[in-house]
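> got a predicted structure plus its sequence, pasted below:
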Amino acid sequence: MGIKAIIIDDEQNGRENLRGAIEKFCPEIEVMAEAGSAISGIEAIQEHNPDLVFLDIEMPGGNGFKVLEFFDRPKFGVIFVTAYDQYAIQAIRFSAIDYLLKPLNVIDLKNAVDRFIHRQKEQTELLLSQFKQNNSRQTANKKIALPTTDKIEFHEIKTILRCEGEINYTNFHFTNGSKLLISKTLAEFEEILEPYGFVRTHKTHMVNLQHVKTFNKADGCSLTLTNGTSVPVSRRRKMYVLEKLKPQELSF
């Protein structure tokens with residue numbers, strides 16, 4: 001038997017389209033059941049014990065996140081299926097969990113399934129566990145999942161000093177002096193990390209504003225970080241970076 005899957009989506013057309021695409025393009029997956037709400041989805045998971053759940057976010061009777069919260073240690077993988085919702089997607093991407101946007105794109109579906117197949121079961125459980133923690137803790141303690149070829153590392157965002165782009169890779173530099181190379185572009189991480197105090201200073205550099213020590217005007221512009229590292233600021237981004245560095249006004 002192949003990979004047992006369940007589709008949980010309150011829209012019948014959505015379920016039918018997804019099932020049809022899976023049957024046509026992902027023959028290794030067997031859809032065991034469909035559910036139209038969070039409650040019936042939980043019941044279907046309990047009954048069929050799937051390997052993989054295609055999970056909508058906004059549904060009657062509780063969203064997809066509530067489905068995951070019901071299970072202390074989910075033993076199944078998850079691919080979220082959602083209409084565009086920036087906040088929800090931000091939470092998902094922070095934990096390196098796959099998602100599909102509606103309307104469904106077949107290439108995205110195949111890529112997400114391939115990643116699930118090649119990801120070890122233990123890694124899937126770690127990602128889901130971290131996702132649940134990220135959605136129940138304060139931003140200051142939020143962790144980001146950084147998957148490499150053979151492992152997944154979880155780091156608190158406050159320990160990230162800076163990120164440096166290298167074509168299709170991003171090199172993470174941490175406050176303890178360690179580094180980690182991830183096979184995603186700097187632009188992808190900019191979208192994820194910018195709401196948490198990171199700023200793109202240059203086409204190949206992004207810094208955590210918590211770790212900026214000085215803004216240097218001489219010899220072009222640059223930032224000096226708390227560990228002494230100098231990071232360039234491009235002329236095009238100078239005013240944007242300065243605006244981000246302004247102390248927030250206090251209201252009394």
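Nice, I can see it.

> contacts for the stretch of helix or strand residue 41 belongs to?
Assigned by DSSP states H and E, residue 41 falls within helix 38-48. Defining contact as C-beta atoms under 8 Å, 6 or more residues apart in numbering, one finds that helix 38-48 is touched by 4, 6, 8, 32-35, 50, 53, 55, 59-64, 66-67, 70-71, 76. C-betas here are computed from N, CA, C, even on glycine.

> run the last query once more with 6 Å
Defining contact as C-beta atoms under 6 Å, 6 or more residues apart in numbering, one finds that helix 38-48 is touched by 6, 8, 32-33, 35, 59, 61-62, 66-67, 70.

> starting at the chain centroid, how far to the helix or strand just after it?
Following the chain from helix 38-48 toward its C-terminal end, the next helix or strand by DSSP H and E is strand 52-56. Mean-position distance between strand 52-56 and its chain equals 16 Å (C-alpha atoms, centre = their mean, to the nearest Å).

> following strand 52-56, which helix or strand comes up?
Stepping forward along the backbone from strand 52-56, the first helix or strand reached (DSSP H and E) is helix 64-70.

> for the helix or strand just after that next one, which strands pair with it and how are they oriented?
Toward the C-terminus, helix 64-70 is succeeded by strand 77-82 as the next helix or strand (DSSP H and E). The pairing partners recorded for strand 77-82 under DSSP bridges are strand 52-56 (parallel), strand 99-101 (parallel).

> any idea of the mean pLDDT in strand 77-82?
When pLDDT is averaged along strand 77-82, the result is 91.

> please report how far the nearest residue to residue 2 once chain neighbours are set aside lies from residue 5.
Distances taken as C-beta to C-beta, 6 or more residues apart in numbering place residue 28 nearest to residue 2, at 4.6 Å, with adjacent residues excluded. Residue 28 sits at a distance of 10 Å from residue 5 (criterion: C-beta to C-beta, to the nearest Å).

> repeat for residue 71
When distance is defined by C-beta to C-beta, residue 71 is 16 Å away from residue 5.

> okay, those two: which has more neighbours?
Looking at residue 71 and residue 5 with other C-beta atoms under 10 Å, you find the greater number of neighbours at residue 5, namely 26 against 14.

> residues contacting residue 207?
Contact analysis of residue 207 by C-beta under 6 Å, 6+ apart lists 162, 201, 231.

> can I get the contacts of helix 38-48 in TSV including distance to residue 110, pLDDT and neighbour count?
Rendered in TSV, the data for the contacts of helix 38-48 read as follows (distance: C-beta to C-beta, whole Å; pLDDT from 0 to 100; neighbours: other C-beta atoms under 10 Å):
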residue	distance to residue 110	pLDDT	neighbour count
6	19	98	22
8	20	96	25
32	20	97	17
33	22	97	17
35	23	96	23
59	25	85	22
61	31	74	13
62	29	78	16
66	28	86	15
67	24	90	25
70	29	90	14
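
> my guess is residue 244 contacts residue 199, does it?
Yes. A contact is recorded between residue 244 and residue 199 when judged using C-beta atoms under 6 Å, the distance being 4.7 Å.

> which one of those two has more residues nearby?
Neighbours per residue, other C-beta under 10 Å: of residue 244 and residue 199, the larger number sits with residue 199, 21 against 17.

> OK, contacts around that one?
Each residue near residue 199 by C-beta under 6 Å, 6+ apart is listed here: 209, 241, 244.

> what about it, which helix or strand?
Assigned by DSSP H and E, residue 199 falls within strand 198-202.

> pairing partners for that strand, with directions?
Within its sheet, strand 198-202 is paired with strand 205-208 (antiparallel), according to DSSP bridges.

> ok now the helix or strand that the strand it pairs with is followed by, how far from the chain's centre?
Proceeding C-terminally, strand 205-208 gives way to strand 212-216 as the next helix or strand, assigned by DSSP H and E. Going by C-alpha atoms, centre = their mean, the spacing between the C-alpha centre of strand 212-216 and its chain's C-alpha centre is 30 Å.
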